[in-house]
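Visitor: fold the following, please.
(2 chains)
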Amino acid sequence: MKDIIIIGAGVVGSLLARKLSSYNLDVLVLDKENDVGNVTSMANSAIVHSGYDPIPGSLKAKLNVEGNRLFPNLCKELDVSFSQIGSLTVAIFDEQLPMLEELANRSKENGVEVKLLSKEEVLKMEPNLTSEVKGALLAPSAGIVNPFTLVVHAMENAVDNGVKLCLGEEVTSIKDNGDFFSVITKKNTYEAKVVIDAAGVYSDKIHSMIEKIDYEVKPRKGEYYVLDHYGKMLVNHTIFPLPSEKGKGILVSPTTSGNFIVGPSSEWVDDKEDLSTDKPTLVNVKAQAQMMVPNIPFNEVIRTFSGLRPTPSTHDFILGTAKSNNRFILASGIESPGLASSPAIANYLVDNFVSKVIKLTPKKDFNPYVRKRFVPSKMTSKERNELIKAHPEYGKIICNCEKVSLGEILDEFSRSVPPHTIKAVKKRTRAGFGKCQGGFCQPLVLALIASNYKMKKTDVLLDKDGSYIAHYLTKEAK
Amino acid sequence: MINRDLVIVGGGSAGMSAALEAYSLGVKDILILEKNDYLGGILNQCIHNGFGLQEFKEELTGPEFMTRFSKAVNEKGIEYRLNTNVINISKDKVVSYSNSEEGFVEIKAKAIILTTGCYERNSGAIQIPGDRPSGVYTAGQAQLYLNIYGQLVGKRVFILGSGDIGLIMARRMTLEGAKVLGVAELNSYSAGLNRNIVQCLQDFDIPLYLSHTVKEIVGPKGHIEKIVLAKVDDHFNFIPGSEIEFEVDALLLSVGLVPNVDLISRLGIPFSKTRGAVVTEHMETEIEGLFTSGNVLHVHDLVDYVVSEAREAAKGAYLYLNNKLSHKGHMYKVSPKDGVNYVVPQKIYIDDAEDKLIFKFRVAHPFKDINLVISEGDRVIKKIYKPAIIPSEMEIVKLDKSLFNKENENIFVYVEERK
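Guide: You can find the predicted model right below:
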């Protein structure tokens, strides 16, 4: 019998697990995917919003602003790239200027520091913006984060502090036994006194396994372009449009790895697994982005992708407990600004709901830090040399585009949330993230996975079960 | 910091050829840096024949061709480092590299030849709509899996793009027991060499769908299941109702190669339409002493042309090291005009140039019954009749330097319709 089962190892589930690992509790995390942070937490804008935008008084407003303040220290403890570059919401038409002021007022209500900028000021900061720009709202506290390592490192830290993680465990039903729950997956049955539903796009479905629910979490798809780091600075801030009939929220932003991201679209889809992209939508994303930043070098696009927002019909995060049982705790419908809010959501749920149903005694030996990672590409020549002398595997480069060393990949295998798939290695180390998209290094990464887990090379997966790569041996190799 | 006369970045065919040429000209302090644990680069995975007809008047496989070069490199005792990745090249020609034995090393090079080859355009770059499952590979990646690692990527295969690697892989995978269902090409003409169309597709009854492309990739469960092929019109718009579905377990992409200029892309030097650097007659970039040749400069059809161009760069490096490149006097700007897509080199210092000027270029689309013209300003220097010419076959024209009289600053290369 576990104390707590968390369903879903996205950013919310992982930060919750980490928070709970600071108490003397027996916590289990289940996720249907082969890696943590593999759905909504993996495919989003990677922005830590300032909180100027949500409706004052909403959970979104409160937790976004709180979450934003928690990010600098969180990323320090978890060794995650985070940069508070600030956001600019730009007005392109004269009639948008009053809306900028409205937004500025809303920001103040939410407790977010902002500044209205004139055309000249904004163009000085961002010379690649359209000369049509009329003014902008600067929110200095907005940041960009590496969303992949945020989740991985949060869960790694949780596991290091005693949490148990089971991947590839899809929950099919939950039985409420009065004073404990049976959580039934395709493979096993687990029991726990408390269950937390952090299942992203499936959070409504998981909740409905124990009672009738009166809301829905619908997937709302966002399609993006990713541009290579091509040696020039396109924009220095995250650039947002103002909502208008001509545009609805397509941003242009640097990423923590020096790439640029353009998107997302916003389309309702029925299928909670639908991550396809389509041409008309991407063409529209491009057109919208070009209204703000006309000279985006789309010939530098290295990938397009889409992600799903778990959009609740209630229009706000659903944080609380089930009606029938206050030991079934909800972290449902966490759409944007979910990433920015996630550390605050974890605190909010633990303080207000978990603490009501289970005794929380702080763990004396809780360690908030992950074990240090060595990243040669971020080191000085001297540091790098010393590292390679001590650990020669950091001298051998595996991914040529992103300059990822063998040492970095091997190190991930030795950690408590090790990668099992090509994609999991990519999320942790960036191997395969560059302009050749693994054209050269994928076979090497594949061989490293096979050798680490003593499995056949032909059985290594890209991501999901069945996503084989080079699945057959040649006639000679047989 | 260690000093070196000549550092060659990339030990493939271009790098080895440049090293051998520089050595024979008298440059002895040479270091080749190679990221793989073998010399020869991509030729190691090109186990088919067809290499060396120009260079050796013989038909060799890729490994045979490159072995002739690597043997010579070893015989001459030219120094090289394997498993060594160049991390940075600075404007003042400091080359930083990393390997497990030496660590992170910085070398001050007097001259550098960059021969880092090219990479393949991939599904990310061409943005095929639909799912993003496993089972989608670039043709060269599938070739790497098959010929180096002994793994076959699929048994029911479709190939998008008629580039040479795709055509070679159509044959290779068929021989390996896979069923290749077809090759699609967006243009109305093939992107590969004619000999490969015949030997790799026609001889194996593999259909070539011209003016077709993949409209959608279907693989919602994680692995590719199906592709939807559709015909396109002259503006590359899909023609409704032309869709054909193929059940596949692998899609190979052979949709173009891009010079791998990462190491010099941040130096602030100009680049040309080939996506390689703008170079002079000696393949020298705007940074004096930094040369580049082979597929990192522009993508070649034949390795024979790559090794030959690398010699031009090596000659340049030799002259530079001996203070014999003036970078002065009359300079021509070489530009493509009507019907020509690009020309290499883009600049010629005529006083520095060898006796023969070499122009390499490609036409923008297929032509029949035309003249290729090279002019100095308006003055026609050379007209070459071509009954037929296609973009996939690079033209090389060598002209006596004495034909140019320094009266104009422009050299143009263009296609002229015949009256």
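Visitor: which residues touch A:Leu308?
Guide: Taking CB atoms under 8 Å, 6 or more residues apart in numbering or on different chains, we find A:Leu308 in contact with A:39-40, A:43, A:200-201, A:219-222, A:269, A:272, A:274-275. C-beta coordinates here come from the backbone N, C-alpha and C atoms, glycine included.
Visitor: for B:Asp338, same thing?
Guide: Contacts of B:Asp338 by CB under 8 Å, 6+ apart are B:Tyr414, B:Val415, B:Glu416.
Visitor: try B:His212
Guide: Contacts of B:His212 by CB under 8 Å, 6+ apart are B:Ala184, B:Glu185, B:Leu186, B:Leu229, B:Ala230, B:Lys231, B:Val232.
Visitor: among the contacts of A:Leu308, which lie within strands?
Guide: A:Pro219, A:Arg220, A:Lys221, A:Gly222 (DSSP state E).
Visitor: out of the residues you listed, the closest to B:Cys118 would be?
Guide: Closest to B:Cys118 out of those is A:Gly222 (32.8 Å), distances taken as CB to CB.
Visitor: the residue lying closest to that closest one once chain neighbours are set aside and chain B: what is the separation?
Guide: Counting by CB to CB, 6 or more residues apart in numbering or on different chains, A:Gly222 lies nearest to A:Pro264, which is 2.6 Å off, once chain neighbours are set aside. To chain B, A:Pro264 is 15 Å away according to CB to the nearest CB, to the nearest Å.
Visitor: could you do A:Met292 as well?
Guide: Counting by CB to the nearest CB, the gap from A:Met292 to chain B is 21 Å.
Visitor: wait, what's in contact with that residue?
Guide: Per CB under 8 Å, 6+ apart, neighbours of A:Met292: A:Val90, A:Ile92, A:Leu129, A:Thr130, A:Val133, A:Ile239, A:Pro241, A:Val252.
Visitor: so what's the backbone phi/psi at it?
Guide: phi -90, psi -50 (degrees, to the nearest 10).
Visitor: where does pLDDT dip in the stretch 201-350 of chain A?
Guide: A:243-248 (pLDDT under 70).
Visitor: and chain A, what are its domains?
Guide: Chain A breaks down into these domains under automatic domain parsing: A:2-41+A:147-217+A:314-357, A:81-144+A:218-309, A:376-459.
Visitor: quick check: mean pLDDT of the shortest one?
Guide: Per-residue pLDDT values across domain A:376-459 average out to 96.
Visitor: tell me where the chain has helices.
Guide: You didn't pick a chain, so chain A it is. A:11-20, A:59-78, A:97-110, A:119-125, A:147-160, A:203-207, A:279-292, A:338-349, A:355-357, A:381-390, A:406-413, A:422-429, A:442-453 (DSSP state H).
Visitor: that was the other one, I meant chain B.
Guide: Under DSSP H, chain B gives helices at B:13-25, B:62-75, B:123-126, B:139-147, B:164-175, B:194-196, B:303-321.
Visitor: out of the contacts of A:Leu308, which are buried?
Guide: Using 16 or more other CB atoms under 10 Å in any protein chain shown as the burial test, these include A:Val39, A:Thr40, A:Ala43, A:Gly200, A:Val201, A:Pro219, A:Arg220, A:Lys221, A:Gly222, A:Val269, A:Lys272, A:Leu275 as buried.
Visitor: who's in contact with the fourth one?
Guide: Read that as A:Gly200. Neighbours of A:Gly200 in contact, by CB under 8 Å, 6+ apart: A:Gly8, A:Gly10, A:Val12, A:Val39, A:Thr40, A:Ser41, A:Leu308, A:Pro310, A:Ile334.
Visitor: again, only this time at 7 Å
Guide: Going by CB atoms under 7 Å, 6 or more residues apart in numbering or on different chains, A:Gly200 touches A:Gly8, A:Gly10, A:Val39, A:Thr40, A:Pro310.
Visitor: for the first one, same thing?
Guide: For A:Val39, the residues meeting the contact criterion (CB under 7 Å, 6+ apart) are A:Gly10, A:Glu33, A:Gly200, A:Val201, A:Leu308.
Visitor: mind giving me the domain split of chain B?
Guide: B:1-120+B:256-325, B:122-255, B:329-419.
Visitor: returning to that earlier point: closest to chain B out of the buried ones among the contacts of A:Leu308?
Guide: A:Leu275 (6.7 Å; CB to the nearest CB).
Visitor: for that closest one, give its distance to B:Val180.
Guide: According to CB to CB, to the nearest Å, A:Leu275 stands 28 Å off from B:Val180.
Visitor: how about A:Lys221?
Guide: 34 Å.
Visitor: same check, this time on B:Lys221
Guide: For B:Lys221 relative to B:Val180 (CB to CB), the value is 23 Å.
Visitor: quick one: which of those two has more around it?
Guide: A count of neighbours by other CB atoms under 10 Å in any protein chain shown puts B:Val180 above the other of B:Lys221 and B:Val180, at 26 against 14.
Visitor: ok, the more buried one - contacts?
Guide: B:Val180 neighbours (CB under 7 Å, 6+ apart): B:Val157, B:Ile159, B:Ala170, B:Met173, B:Thr174, B:Ile206.
Visitor: one more time with 6 Å
Guide: B:Val157, B:Ala170, B:Met173, B:Thr174, B:Ile206 (CB atoms under 6 Å, 6 or more residues apart in numbering or on different chains).
Visitor: near chain A, which of those residues show up?
Guide: Filtering the contacts of B:Val180 for proximity to chain A by CB under 6 Å from any CB of the partner chain leaves nothing.
Visitor: who wins on neighbours among those?
Guide: B:Ala170 (30 neighbours).
Visitor: ok, now which ones touch that one?
Guide: Per CB under 6 Å, 6+ apart, neighbours of B:Ala170: B:Ile159, B:Val180, B:Val183, B:Cys200, B:Leu201, B:Ile206.
Visitor: closest to chain A out of these?
Guide: B:Val180 (14.6 Å).
Visitor: where's that closest one relative to B:Leu257, distance?
Guide: 21 Å.
Visitor: quick one: average confidence on stretch A:69-87?
Guide: Mean per-residue pLDDT for stretch A:69-87: 98.
Visitor: quick one: it to chain centroid distance?
Guide: Relative to the centre of its chain, stretch A:69-87 is centred 13 Å away, using CA atoms, centre = their mean, to the nearest Å.
Visitor: in that stretch, which residues are buried?
Guide: For stretch A:69-87, the buried set under the neighbour-count rule, 16+ other CB under 10 Å, comprises A:70-71, A:74-75, A:77-82, A:84-87.
Visitor: neighbouring contacts of it?
Guide: For stretch A:69-87, the external contacting residues (CB under 6 Å, 6+ apart) are A:48, A:138-140, A:142-146, A:149-150, A:153-154, A:237-238, A:240, A:256, A:343, A:368-370, A:373.
Visitor: sitting in strands, which of the residues you listed do you find?
Guide: Among these, DSSP E puts A:Val48, A:Leu138, A:Ala139, A:Gly143, A:Ile144, A:Val145, A:Thr238, A:Phe240 in strands.
Visitor: which one (most neighbours) among these?
Guide: A:Val48 (33 neighbours).
Visitor: what sits against residue 412?
Guide: Reading this off chain A. A:Pro419, A:Arg428.
Visitor: that was the other one, I meant chain B.
Guide: B:Ser335, B:Lys337, B:Ser375.
Visitor: and the residue lying closest to the second one once chain neighbours are set aside, how close does it get to chain A?
Guide: Same thing as B:Lys337. Leaving aside its sequence neighbours, B:Lys337 sits nearest to B:Tyr414 (CB to CB, 6+ apart; 3.8 Å). Per CB to the nearest CB, B:Tyr414 is found 25 Å from chain A.
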